[in-house]
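In: Just need the structure, nothing else, for what follows:
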Amino acid sequence: MSATPQDRPPTNHRKRLARQGPAIAGEQPKKGGILNALRRSPLVGAGLDLSRPATPGRQS
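Out: The predicted model follows:
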């Protein structure tokens, strides 16, 4: 059963909660979280060639 608009908190309240993130639980936001996740990736050191040929842009 889906929640009715009366059951949901107002949009601005949900946005404020999303901005607070981990601060709600009393934790400090961690710095470098995305970079650390990328470093843990199984693709690190896989030697993939991700280069792409240079192509001209669109013509107007």
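
In: This structure: helices as residue ranges?
Out: 11-20, 33-39 (DSSP state H).

In: Tell me which residues are up against the shortest one.
Out: If I follow you right, that is helix 33-39. Contact with helix 33-39 is made by residue 44, as judged by C-beta atoms under 8 Å, 6 or more residues apart in numbering. For glycine as for every other residue, the C-beta is placed from the backbone atoms N, C-alpha and C.

In: where among the helices of the chain is the average confidence lowest?
Out: Least confidently modelled of the helices of the chain is helix 11-20, at a mean of 74 by mean pLDDT.

In: Tell me where this structure is predicted with low confidence.
Out: Residue ranges of the chain with pLDDT under 70: 1-6, 8-10, 20-27, 29, 60.

In: what about 90?
Out: Residues of the chain that meet the criterion pLDDT under 90 lie in 1-39, 41-50, 52, 54-60.

In: Please report the distance of the closest residue to residue 44 other than its chain neighbours from residue 31.
Out: Counting by C-beta to C-beta, 6 or more residues apart in numbering, residue 44 lies nearest to residue 38, which is 7.6 Å off, once chain neighbours are set aside. Separation of residue 38 from residue 31 (C-beta to C-beta, to the nearest Å) stands at 14 Å.

In: of those two, who's got more company?
Out: residue 38 (11 against 7; other C-beta atoms under 10 Å).

In: Please tell me how far residue 49 sits from residue 33.
Out: Distance, residue 49 to residue 33, using C-beta to C-beta: 28 Å.

In: Give me the more crowded residue out of the two.
Out: residue 33 (10 against 5).

In: gap between that one and residue 18?
Out: 16 Å.

In: go on, residue 12?
Out: Taken as C-beta to C-beta, the span from residue 12 to residue 18 is 11 Å.

In: Also residue 34?
Out: Distance of residue 34 to residue 18, given as C-beta to C-beta: 17 Å.

In: re the thing from before, output the helices of the chain in TSV; the columns should cover distance to residue 53.
Out: Below are those laid out as TSV (distance: least, C-beta to C-beta, whole Å):
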stretch	distance to residue 53
helix 11-20	40
helix 33-39	25
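
In: Show me the one of those helices that comes nearest residue 56.
Out: If you check each of the helices of the chain against residue 56 by C-beta to C-beta, helix 33-39 wins as the nearest, at 31.1 Å.
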